[in-house]
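Trainee: Make a model of this:
(chains A and B)
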Amino acid sequence: MLYKRRDFIRISGITAAGSLVIPSLLQSCKGSALSGNFSTYLDHFEVTPELLKKVIRIAMSKGGDYADLYFEHTLNNYSNLEDGKVNQASSNVTYGVGIRVLKGDQTGYAFTEIISPEAMIKAANTAASIANDTGKTIIENISEYTAPNLYPVTTSWEDTSVKDKIPFLERVNEKIFGLDPKVTKVNASIGDTTSYILFYNSEGLLACDYRPLVYLNATCVMEKDGRIENFGVSSSARMGSEFLTNDLVDTLAKDAVEKTNLQFEAGKPKAGEMEVVMSSGESGILLHEAIGHSFEADYNRKETSIFSDKLNKKVAENFITIVDDGTLPSNRGSLNFDDEGSPTENTVIVKDGLLTSYLHDRISAAYYKVKPTGNGRRQSFRFMPVPRMRCTRMENGPHKKEEIIASVKNGIYVDSFSNGQVNTGQGDFTFFVKAGYIIENGKLTMPIKDINIIGNGPQALADIVMAANDTKLADGTWTCGKAGQSVPVTMGLPTVKIKKLVVGGVNA
Amino acid sequence: MNTQEKYNLAEQVIAHALKNGAQQASVSIYESRSSEIEIRDQQIDKLSESNRNNMTINLYVDKKYSSHSTNRMKKDELMKFVDEGIAATRYLAEDEYRMLPGPELYYKGGGSDLNVIDSSIASIETPVKIDLAKAVLNEAFKKDGRIISVTSSYSDSLSNSVLVTSNGFKGDSARSNVDLYAEISVKTDKGRPSDYWYESALFFDKLKKTDIGKKALERTLKKIGPTKISSGKYPMIMENRVAANLLSPVFSALQGYSLYQKQSFLAGKKDQPVASKVLTIFDDPAIPSGPGSRYFDGEGLALAKRPIIEEGVLRSYYIDTYYGRKLGMDPTSGSITNVVFRLGDRDMDGMIKSLKKGILVTGFNGGNCNGSTGDFSYGIEGYLVENGAIIHPVNEMNITGNMTQIWMNLAEAGNDIIEGSSFRVPSLMIDNVDFSGI
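Mentor: Modelled structure (predicted):
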């Protein structure tokens, strides 16, 4: 399941304002032999290498094969403009440690929000109980993981007050109102998140990460002849407050006004099966829903995915290569390492039409006897990691956008979406189209909106009969939900044509 | 923390906020514990336990407002947290509509016992939970050669919270929940259909503990070999288990926020027909052991049973204090409690028996609704019904239309609600729905 931040906010209520309390940060290294950054993180969470080792020993004491500790301190800030004024702000602080024990593909899990030796030992005992055996020897030599720096920050969110965000929100309001007299309401919000992560496991791996994340959302409402239409736009990245620029605001404002205007002209297509052209960029939702989830190896290990017996088989035309990339600089979906200490990578899942890899966490990688692909992710320390996507994108194909559109007699062209979903076993996937056009005799004609499209994953992948050379990443605030956990993701696609999908619409 | 300790901490935080620049404040403290055991095939797949707590502080400073929450409950740190919150609030624009509710609207006590907490859940031993989940699993395990995966789970939770406001509200509430769940996948020539069943209750003793794996298996096997049928307008029967999906855009459009933001297709429709005469819905916060039952909402407002839609006519919105002031409307509470239908006189099977040709919808797959216009389009799965009988499963189809139109076309509400859900929605029969297929 996938949805834009805008829809998510409404479900979960507001979070976030100004700088917040960070306990005991940047104290001196208390005599441990660790390098500076690691010592800072240990001090931040008020733990020592000896305590980490002790908790791991307890976690492994009943015969677990593997254990890890995931410390997290996350600060969220949210500020919102309504009626031309920034008069709503909220903040949230989340702090704790999750303790996991693996025994084969079984998981024991517990977390505590109080990081004290007693609370950690209690949680470690709970997690340990997944196994029922005698303890094994564990590695106690700490190896420091040197992570890449995929999201360098110029100005951190802790150094940015709500005061610094207000001018950008006010500019969104002014720009959108200035572009069209039909505008009656503007909502704009900025949400930023800063996470400190400290990770230690029974293999002695010690890793730490500083994860920034920000989005800017804007919703434009217009009225014309008694009719009301709205459209929301957004942009997101793993950046500090250098993310906020006048150029970004102006681009989003222009996009919001144009897309809202189109809604007044839009109708519904005829219901039924037809050719569908998906624009470059945000249409990557196709990859996320049609195949991405079904490639997540937990489903395949349990044989509950429609792609379970398709490894190394041809699943698409030869010109199609699809990757799930966790290494794009400053990308919303990127991580310096995943949430179980594995390096992230650019995982090729379809190479020249062949299914080459699933998306693995530690459990599924051990099951398939391959290296983890760095897809083990979790919403927070309160959750156990499962295989999740990062940035799922298709590389360039041999065709041209113009020739793709020209090749369609009766079909639709789609380019903006709000959400999608998939049933991984049967393979049926959907995505909801916020804006697009009907194609008649090779030409875009009437705009369309608010229709659902449904297809079958393996069939749709095989039915991608054309792909253009204009691949593009989408930078919207996409959030993926699975097993009750939400994580930030992105996607990308060149213009493609799918031979046949079921388009929601009207019947004569 | 026990309830009294929570009250004490909340009052200290409020006192600190008032002393340091806030004119009003409210504090809620929430605490929960939960456990979950998941069994796959015959082995424990996941075992987890958690305890969480959270404090939310709403600050009203010089006509400005902000809200802050944290799970770090150390007193000295909380006071610093409030100070920083007050400092941040001062940067914001004034908002004359932000203030606490009038004290006359608060719940003042005296409600009859809602019976929503089973404290005994805390003392259920892990082996008992494992045995229950295993019994659910064994109802389906190896009961059919096509099965590739059977997963069952037991989960429970206990939560409690207090709310204190600086203008006189003090209230606490607690709730328990226990669930058993089964999910089954089977392998066929075309795809691996799966389905689930669950039972949910507030009290351990009231939880139905049998026929969960069995029902999940029956439902999964019935889904084998789906095909889509021709696009067209068909009557639709919507199974009670999923009917709340069709109702959620209506409840979203009834919120004060949506009305104010012009994202509600029900704006300005009070006392006007918005659905067929068959539809009567109440919001009832006082159902004994109702999953949505409560005395007061998140602001402390007293709750009472009220009609939302009566014989198709819109009677009431969900208006919280803030948007009530902005819209010039009396607050009704923005919280949805238990949604209660006026029931018809037959169940889903009865409706199927009288249907000449139509589609029974048993599951949704994505889709969305435009809140401003009510235009919707959803992916569905279900069954083709002809001459009173289920013919074959259907999938990969969409329903598309407008919310007002589809509720105007409501022909019948059944008598078969699902207990254990706060949306007590029966199976529904709706005429003339646009389906897209082949």
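
Trainee: okay, now the domains of the chain?
Mentor: Using chain A. A:2-265, A:272-503 (automatic domain parsing).

Trainee: that's the other chain; I wanted chain B
Mentor: According to automatic domain parsing, the ranges for chain B are B:3-222, B:227-438.

Trainee: Deepest-packed of these, please.
Mentor: Sort the domains of chain B by mean neighbour count, taking mean count of other C-beta atoms under 10 Å in any protein chain shown, and domain B:227-438 sits at the top with a mean of 20. Glycine gets a C-beta too; all of them are placed from N, C-alpha and C.

Trainee: Counting neighbours, what do you get for A:Thr193?
Mentor: 21 (other C-beta atoms under 10 Å in any protein chain shown).

Trainee: so who does the residue nearest to A:Ala366 when sequence neighbours are not counted touch?
Mentor: Excluding its sequence neighbours, the residue lying closest to A:Ala366 (C-beta to C-beta, 6 or more residues apart in numbering or on different chains) is A:Asp105, at 7.5 Å. A:Asp105 makes contact with A:Arg301, A:Ile363, A:Ala366, A:Tyr367, B:Asp45, according to C-beta atoms under 8 Å, 6 or more residues apart in numbering or on different chains.

Trainee: isn't the second one right up against A:Asp298?
Mentor: In this case it means A:Ile363. Yes - using C-beta atoms under 8 Å, A:Ile363 makes contact with A:Asp298 at a distance of 7.2 Å.

Trainee: Adding mean pLDDT and distance to B:Asp271 as columns, could you present the domains of chain A in a markdown table?
Mentor: Output for the domains of chain A, formatted as a markdown table (pLDDT from 0 to 100; distance: least, C-beta to C-beta, whole Å):
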| stretch | mean pLDDT | distance to B:Asp271 |
| --- | --- | --- |
| domain A:2-265 | 86 | 20 |
| domain A:272-503 | 94 | 28 |
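
Trainee: Looking at those domains, which is nearest to B:Glu31?
Mentor: Among those, domain A:2-265 comes nearest to B:Glu31, with 10.3 Å by C-beta to C-beta.

Trainee: Tell me the gap between the closest one and the middle of its chain.
Mentor: Taking C-alpha atoms, centre = their mean, to the nearest Å, the mean C-alpha location of domain A:2-265 is offset from the chain mean by 12 Å.

Trainee: First-to-last residue distance for stretch B:93-113?
Mentor: Start and end residues of stretch B:93-113 are separated by 43 Å (C-alpha to C-alpha, to the nearest Å).

Trainee: Next: stretch B:220-232.
Mentor: Start-to-end, stretch B:220-232 (C-alpha to C-alpha) is 27 Å.

Trainee: That one vs chain A: in contact?
Mentor: Yes - contact between stretch B:220-232 and chain A, assessed by C-beta under 8 Å from any C-beta of the partner chain, occurs at B:Lys223, B:Pro226, B:Lys228, B:Ser231, B:Gly232.

Trainee: what about A:Asp43, which SS state?
Mentor: With DSSP: H, G, I helix; E, B strand; the rest coil as the basis, A:Asp43 sits in helix.

Trainee: Give the burial count for it, as a bare number.
Mentor: By other C-beta under 10 Å, the burial measure for A:Asp43, its neighbour count, is 19.

Trainee: can you name the two of the contacts of A:Asp105 that are farthest apart?
Mentor: A:Ala366 and B:Asp45 (14.5 Å).

Trainee: between the domains of chain A, which gets nearest to B:Gly85?
Mentor: When these are compared by C-beta to C-beta, domain A:2-265 sits nearest B:Gly85, at 6.8 Å.

Trainee: Return the set of buried residues in the helix or strand where A:Ala366 lies.
Mentor: According to DSSP states H and E, A:Ala366 maps onto helix A:362-368. By 16 or more other C-beta atoms under 10 Å in any protein chain shown, the buried positions in helix A:362-368 come out as A:Arg362, A:Ile363, A:Ser364, A:Ala365, A:Ala366, A:Tyr367.

Trainee: Then B:Ile130 would be within a helix, right?
Mentor: Yes - according to three-state DSSP, B:Ile130 belongs to a helix.

Trainee: give me the beta-bridge partners of the residue nearest to it when sequence neighbours are not counted?
Mentor: Sequence neighbours aside, B:Ile37 is the residue nearest to B:Ile130 in space, at 5.7 Å (criterion: C-beta to C-beta, 6+ apart). Taking DSSP bridges as the rule, B:Ile37 bridges to B:Leu47, B:Tyr154.

Trainee: And the helices in the stretch 1-150 of chain B, which stretches?
Mentor: Counting by DSSP state H, counting those that start in this stretch, one finds helices in the stretch 1-150 of chain B at the ranges B:3-19, B:75-89, B:126-138.

Trainee: what's the last one packed up against?
Mentor: Right, helix B:126-138. Here helix B:126-138 is seen to pack against strand B:24-40, strand B:147-165, strand B:170-186, helix B:212-222 when contacts are counted using 3 or more C-beta pairs under 8 Å, 6 or more residues apart in numbering or on different chains; DSSP states H and E.

Trainee: Could you export these as TSV, including mean pLDDT and distance to A:Asp159?
Mentor: Shown next, in TSV, are the helices and strands packed on helix B:126-138 (pLDDT from 0 to 100; distance: least, C-beta to C-beta, whole Å):
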stretch	mean pLDDT	distance to A:Asp159
strand B:24-40	95	27
strand B:147-165	96	34
strand B:170-186	95	39
helix B:212-222	96	52
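
Trainee: follow-up on the earlier one: and the domains of chain A: which comes nearest B:Asp172?
Mentor: Taking the domains of chain A one by one with C-beta to C-beta, domain A:2-265 is closest: 20.6 Å.

Trainee: got the end-to-end distance for stretch B:180-193?
Mentor: 21 Å.

Trainee: ok so, going back, what is the helix holding A:Ala366 packed up against?
Mentor: The elements that helix A:362-368 packs onto, with contact taken as 3+ C-beta pairs under 8 Å, 6+ apart, are helix A:297-301.
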